[in-house]
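K.L.:
Below are the sequence and a predicted model; questions follow.
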Amino acid sequence: MDATNEQWSLPDDAKKILLERFKALKGKVILEVFTTEGENNQFNTLTILFTKELERLSDKIEVRLNKIGDAASKKYKVTRSPTLLINPEEYHIRYTGAPFGEEGRSFIEAILLVSQKESNLSKQSKELLTNLQEPRHIQVFVTLTCPYCPLQVIHAFKAAIEQPKFISGECIEILENMDLARQNDVMATPQTFINGKRISQGLEPEDQLISEIISLKPAKTLGQETLLTTEGIGVDLVIIGGGPAGLTAGIYAARSGLHTVVLEKNIVGGQVTITPIVENWPGFQHIPGKQLMEMIRNQAQNYIPILEGEEAVEIKVGKFIEVLTQRTRFIAQAVILATGATPRKLRVPGEQQFYGHGVSYCATCDGYLFKEKQVLVIGGGNSALTDALYLKSIGAQVSLVVRDSQFNGEKALQDSTIKEKIPTLWNSVVEEITGTRTVTGIKIRNIKTKILELMKCDAVFVAIGENPDNTLASDIGVKLDDEGFIMTDRFGRTNIPRIYGAGDITGGLKQIVTAVGSGAAAATSAFEDIKHPYWIPKQA
């Protein structure tokens, strides 16, 4: 279709990407849009505008506009505005709330899957779902700023496409449906309910959600056997981790001629994805972390397959190196560990109890749930200052709790924090997080005066550093330093030949620029070592 001669709200680069993606559309896609006056009016208007522009981009997309209360809404039991259904005569796929922000990703993906009439689930997941003979309604609660939510939503929608007779999938945007969030005690995203029962919090691998759909129990209680194929896929290099280091390593490895694959258990981009603004990336004075990682990802995808949601669970070192996921066995010449780090916990009473109920480690994901409420950010480094500034920008009443007598973050972030007049409690540590069903306050002790006080708040955002994600490395005997980070030489080599480390997992200066540099070094070393194995003695 000619999509260039009319006024558009979609940016030109977005139109170009969508036009290219919509070339894969096969069958007709009906988007049934339901709205009513007086309820989420701004989102209603934008939903209609957005879907109508998608209709203009492809003759395979048809938009039907409906009002709450009309015959169609009664037929499909739609009572909330806006609501969007995709091919409701064939599948039970529903957006309760506008499919914008991060959820634009799941929405476009759902349109493509429905058009192709293919779930794209793994063979093992499809086989498991053939045993289902009872109805399942999957609800995934999301916010439009949560980068982890779209993949969980897509897992649910794939199941609904694979088993339309028994499975329905619903994406519920919290800010437009706060009553539903409160009713279900949802204070973090994504959260997944099946048949009205809370099943999981956070992003899960596809096979884990499929197991939960069948059993109606959280996967951690199932003792689920690994769903591993017997065949091995031969590659030159497996990169474990899809953050800046892993993606850069993939680019360099592929350009060197190595057959390479990247495995990422969560979302591609790592911690950078949930960084609101990056101010120290060369060439950009300010750039959202999500945008930066999309640029790096798009470049990497030109060279290598990136398997999102594919978790490496075991490595075996022998003549070749085997990397096992729950679906596949990769047989490689070398492996780069770019597994990064995970947020460090406070380890105080109440932290685990109220996780997802006012305790969060992701301000980008959960911050909007506490707009105009009293929140505390724990920490004084870059992450804490960035979180505090972000929360302040969206209208939260934010204060900082800092162990030291000064900030440890970059001066630019310190200056911004001072300029924004964010209250700070110095020389203070958290002793306990208190509440009933949700967080209501924290007990803070001043380490100089020893005075303990109770401070009221609605949420606690923890940003006190990270712990290395080193399980895979430790299991195969890679040397770690005293803090658990992988020890490498300046070329990324570890003590085990053909195993390399890159990015935050190697410790040191945890910055994006150093991560990409270490990724490039590790990939270059892998290429050189595969061609000229330094660990094999030379014959006289």
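P.N.:
Alright, I've got the coordinates.
K.L.:
which other helices and strands contact the helix or strand harbouring His155?
P.N.:
In the assignment (DSSP states H and E), His155 maps to helix 149-162. With contacts defined as 3 or more Cβ pairs under 8 Å, 6 or more residues apart in numbering; DSSP states H and E, helix 149-162 has these neighbours: strand 93-96, helix 103-116, helix 123-129, strand 136-142, strand 167-173, helix 206-215. C-beta coordinates here come from the backbone N, C-alpha and C atoms, glycine included.
K.L.:
Select, out of those, the one closest to Val29.
P.N.:
helix 103-116 (5.0 Å; Cβ to Cβ).
K.L.:
what's that closest one in contact with?
P.N.:
For helix 103-116, contacts defined as Cβ atoms under 8 Å, 6 or more residues apart in numbering pick out 18, 21-22, 24-29, 31, 54, 60-61, 84, 86-87, 90-91, 93, 95, 99, 119-120, 142, 144, 149-151, 153-154, 157-158, 161, 171, 173.
K.L.:
orientation of that helix relative to helix 149-162 in degrees?
P.N.:
Angle, helix 103-116 to helix 149-162, by axes from the mean of the first three to the mean of the last three Cα atoms, to 10 degrees: 20 degrees.
K.L.:
Would you mark the buried spots in helix 103-116?
P.N.:
103-115 (16 or more other Cβ atoms under 10 Å).
K.L.:
now do stretch 86-98
P.N.:
Ile86, Asn87, Pro88, Tyr91, His92, Ile93, Arg94, Tyr95, Thr96, Gly97, Ala98.
K.L.:
quick one, what contacts the residue nearest to the fifth one when sequence neighbours are not counted?
P.N.:
Just to be clear, that refers to His92. Spatial nearest neighbour of His92, chain neighbours left out: Ser168 (3.3 Å); criterion: Cβ to Cβ, 6 or more residues apart in numbering. Residues near Ser168 by Cβ under 8 Å, 6+ apart: His92, Ile93, Arg94, Pro135, Arg136, His137, Ile138, Ala160.
K.L.:
Out of the buried residues of helix 103-116, which is nearest to Glu294?
P.N.:
Arg105 (10.0 Å).
K.L.:
follow-up on the earlier one: mind checking pLDDT for the residue nearest to His92?
P.N.:
For Ser168, the pLDDT comes out at 98.
K.L.:
Then the one 3 residues further on?
P.N.:
Reading off the per-residue confidence, Cys171 sits at a pLDDT of 98.
K.L.:
Identify the bridge partners of it.
P.N.:
Tyr95, Val140 (DSSP bridges).
K.L.:
how many neighbours does it have?
P.N.:
28 (other Cβ atoms under 10 Å).
K.L.:
I'd like to check which residues are in contact with it.
P.N.:
Cys171 neighbours (Cβ under 8 Å, 6+ apart): Arg94, Tyr95, Thr96, Gly97, Pro99, Glu103, Ser106, Val140, Val142, Val153, Ala156, Phe157.
K.L.:
one step back: separation between the residue nearest to His92 and Phe193?
P.N.:
12 Å (Cβ to Cβ, to the nearest Å).
K.L.:
which residues do those two both contact?
P.N.:
In contact with both Ser168 and Phe193: Ile138, using Cβ under 8 Å, 6+ apart.
K.L.:
all strands of the stretch 151-300 of the chain, in order?
P.N.:
167-173, 191-194, 197-201, 232-234, 237-240, 260-264 (DSSP state E, counting those that start in this stretch).
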